[in-house]
Each structure stands twice: as C-alpha cells, then as structure tokens.
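>>> sequence unknown, structure follows:
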Ligand code: ADP
C-alpha cells in the first residue's frame, strides 16, 4: 500500500490471483500489506490513499470478498504477536542473507558509504519475519510469488520448522512457493520493468483518454511506417501480448512484419487494453466514491480472518509458555513456581 496500482501489478499479481481464487478447490487469503507499506513509506497520506486505491482495485478486478478472505494486515493484531514469537527464534544470520537487505548493503558499498547499514531500518532488515507471520498465521499451503520472493517463502519454511522443532509440536504448516511460469513481467514506458520505483508506469485505472496518452508515450525505435518492426525488443508488443489471445498476438506480429506505423500500433494497444479494463474502471470509480463500502468489506474480512487467527494464536502462545496462570492450581505447577510463587 505505497502507490497506485499499474498495469504491471494487474498482469503480474492481480489478474492471476483473482483467477486462482475462483478455483473451487482452493481457499484464498489476500490482504493489504500495510504494515509492510510503512517500512519504506513514511507519508501517512500516501499510505491511507494507497490502501483505499489498492482495495478498490482488487475488488473492481473481480475479487469476491465472499469467497476470498480479504483483509487489511493491520486489522489483525494476531499477526504482530506471531511476528514477535517468530522473531525470538530466528537467527540474525538468516536475515543477513535476505536480498532486500543485501541489496541495501551493496548500494552503500557502491556509494562508498562507510557504514554498510546506512539507511537500513529494522523494518527492512526483518520484514521476511513479518512475511513469515503473514503466511503461517493462516496455515497457507501455497504462496503465489514472483521469482524474487521464493527465498522468503523458504525462510518461512525454515522458521516454521524451527518453531515446530523447538516446541515439539507440528503446530505450524510448512508453506510452499508457487511460481506461475506463464505470468508476464511487463515492461514500462521506457522498456525497463514497469515499476513505481522507475517512474515508468501506466496506471491501471485512469480515464480512457489519459490511458491513451500514456500508451502513446511508450518508447519505440525510429523505424518509419512501412518498415518491418521487431517484436521481441518492443515493449509495446510485450504489453499487447499480456492482454491478447494467441490469435490476436499472431495477427499483431504479422502487422509488425508488414510495417505497421508506431502510431497505429499504439492505438491498437490502447483499444485492446481498454476493452479488458473499461468495465472494471467503472466499478473502481464507484468504489472510490464510496469509501464506507470498501471499509465495510474490509471489516467483514477482518472478522473472518480473526475467527481463525484468534484461537490459533492462543495455541501458538501456549506452546511457547505464554499461559494462563490459573493452570498452576490444576496440578501443573513447576518446582520453581511452587517454591518462589512468582516465577
Ligand atoms: P512496484 O515494482 O511497482 O513497486 P510492487 O513491488 O509493489 O510493484 O509489486 C506488487 C506486485 O505486482 C508483485 O506481486 C509484483 O510481482 C507484481 N509486479 C510489479 N511490477 C510488475 C511488472 N512490471 N510485471 C509483472 N508483475 C509485476
């Protein structure tokens, strides 16, 4: 929840997750990761607005809150409790190897910064533990991720196994990463990966005319109308492919070979994308105009999520020894407790 969703988020995360959640054999949990959002973004208004935009986007894109447990992370205090329990059993060395942290250390070295940890907050350093708590809190079997996140799901497995080993019970489920090979990595306006960090995004839900203008700004080469054009190096073509059927893509490739003018290719791309997203854009506008409706859906989601998390965290706390003292009167007292009365 640190920005406004763009076409890359839609193709790479939203569309596949919404489709997967429609599978009657799976039970899906999707959440707004706002505790993760505040790691790097220290602008309260941005977090707040982005939370609304991201929630409205997923709902407009077809997430059914009746079928999917859809909640805001910060509405589930149990996640934070589990986060601390897991922090207490996670080796610091494991976090040293997490790649967001390693990338920050490397950037410091490249900038001749003496302190390798310059600019690194504890949130960035230990966020794989929070991610582990997010996953384990709801007994996830499969976690759909991009390649860069496989490492974190493996850390979640390691941490869950440590907990189970230490406390002698198989209370935590070991999750598996699930990487979908067919999901495209969308390039942005400048040809690099579309990302808010590169400021090269095409927002998902802007008015149609603004979408058209953005698409007209995609970088192309200088080949004139009539000259054959390359498809593989073309960001425009890659984006088209992510929205089109195989037949439409083949026809578009043929048009490239036949020397379609860049202006016409961009117009075709705009029309193809708009056909898919126009109905969702209308729904998005309705939701943005009605924040109380979005909040109601999130509160209902939090209720459903906590109905599972509250009894589960009680078990997880019990297992580590965080227990109700009245148990001492039922014959379970330890020697220390009976002799001092306070341990
Ligand atoms: P950004 O790079 O703009 O900061 P995030 O890191 O917030 O985007 O990504 C949110 C989700 O969208 C992740 O699941 C990520 O894999 C996916 N995603 C982001 N950019 C793209 C892209 N260009 N192509 C495909 N998926 C993407």
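Ah, there it is. All figures in this text were calculated on a predicted structure; none of them were measured in a lab.

>>> quick check: buried residues in stretch 222-231?
Buried residues in stretch 222-231, counting neighbours by 16 or more other C-beta atoms under 10 Å, are found at 229, 231. Where C-beta positions appear, they are placed from N, C-alpha and C, glycine not excepted.

>>> tally of neighbours for the closest residue to residue 142 other than its chain neighbours?
Closest residue in space to residue 142, ignoring its immediate chain neighbours: residue 178 at 4.5 Å, by C-beta to C-beta, 6 or more residues apart in numbering. Number of residues near residue 178 (other C-beta atoms under 10 Å) recorded here: 13.

>>> look up how far residue 151 lies from residue 178.
14 Å (C-beta to C-beta, to the nearest Å).

>>> which residues of the stretch 151-300 of the chain lie near the ligand?
Within the stretch 151-300 of the chain, the positions adjacent to the ligand are 185, 186, 193, 194, 195, 196, 197 by C-beta under 6 Å from any ligand atom.

>>> in strands only, show me those.
Among these, no member falls in strands (DSSP state E).

>>> ok, those vs residue 3, which is closest?
Of all these, residue 196 has the smallest distance to residue 3: 4.4 Å, by C-beta to C-beta.

>>> does that closest one touch residue 6 like I think?
Yes - using C-beta atoms under 8 Å, residue 196 is in contact with residue 6, at 6.9 Å.

>>> looking at the two, which is more packed in?
Counted by other C-beta under 10 Å, residue 196 and residue 6 do not tie: residue 6 has more neighbours, with 23 against 16.

>>> let me see the confidence value for the more buried one.
In the prediction, the pLDDT value recorded for residue 6 is 97.

>>> over to residue 233?
pLDDT for residue 233: 89.

>>> phi, psi of it?
Main-chain dihedrals, residue 233, degrees, to the nearest 10: phi -90, psi 0.

>>> look up how far residue 140 lies from it.
For residue 233, the distance to residue 140 equals 38 Å [C-beta to C-beta].

>>> and the residue in the chain that the ligand sits nearest to, helix, strand or coil?
Taking C-beta to the nearest ligand atom, the ligand has its nearest neighbour within the chain at residue 12, 1.8 Å off. What DSSP: H, G, I helix; E, B strand; the rest coil gives for residue 12 is helix.

>>> and the closest residue to it other than its chain neighbours, which of the three is it?
Leaving aside its sequence neighbours, residue 12 sits nearest to residue 183 (C-beta to C-beta, 6+ apart; 5.6 Å). Recorded secondary structure, residue 183: coil (three-state DSSP).

>>> ok, the residue of the chain closest to the ligand - contacts?
Each residue near residue 12 by C-beta atoms under 8 Å, 6 or more residues apart in numbering is listed here: 146, 183, 184, 185, 186.

>>> how about residue 143?
Residue 143 touches 135, 149, 153, 156, 175, 176, 177, 178, counting by C-beta under 8 Å, 6+ apart.

>>> let's go with 6 Å and repeat that
Residues near residue 143 by C-beta atoms under 6 Å, 6 or more residues apart in numbering: 135, 153, 175, 177.

>>> low-confidence ranges, the stretch 201-343 of the chain, go.
The model of the stretch 201-343 of the chain has pLDDT under 70 over residues 328-343.

>>> same thing but at 80, please
Along the stretch 201-343 of the chain, the model assigns pLDDT under 80 to residues 327-343.

>>> what secondary structure does the nearest residue to residue 136 once chain neighbours are set aside sit in?
Of all residues not flanking residue 136 in the chain, residue 172 sits nearest, at 5.2 Å (C-beta to C-beta, 6+ apart). When classified by three-state DSSP, residue 172 comes out as coil.

>>> just the pLDDT for residue 172.
The model's pLDDT for residue 172 equals 98.

>>> residue 56 now?
Here the pLDDT value assigned to residue 56 is 98.

>>> that one sits in which helix or strand?
helix 44-60 (DSSP states H and E).

>>> do that helix and the ligand meet?
No - judged by C-beta under 6 Å from any ligand atom, helix 44-60 makes no contact with the ligand; its nearest approach is 9.2 Å.

>>> other SSEs contacting that helix?
If you count contacts as 3 or more C-beta pairs under 6 Å, 6 or more residues apart in numbering; DSSP states H and E, helix 44-60 packs onto strand 29-32, helix 262-288, helix 291-320.

>>> compare residue 233 and residue 140 (neighbour count), which wins?
Using other C-beta under 10 Å as the criterion, residue 233 and residue 140 rank with residue 140 on top: 19 against 11.
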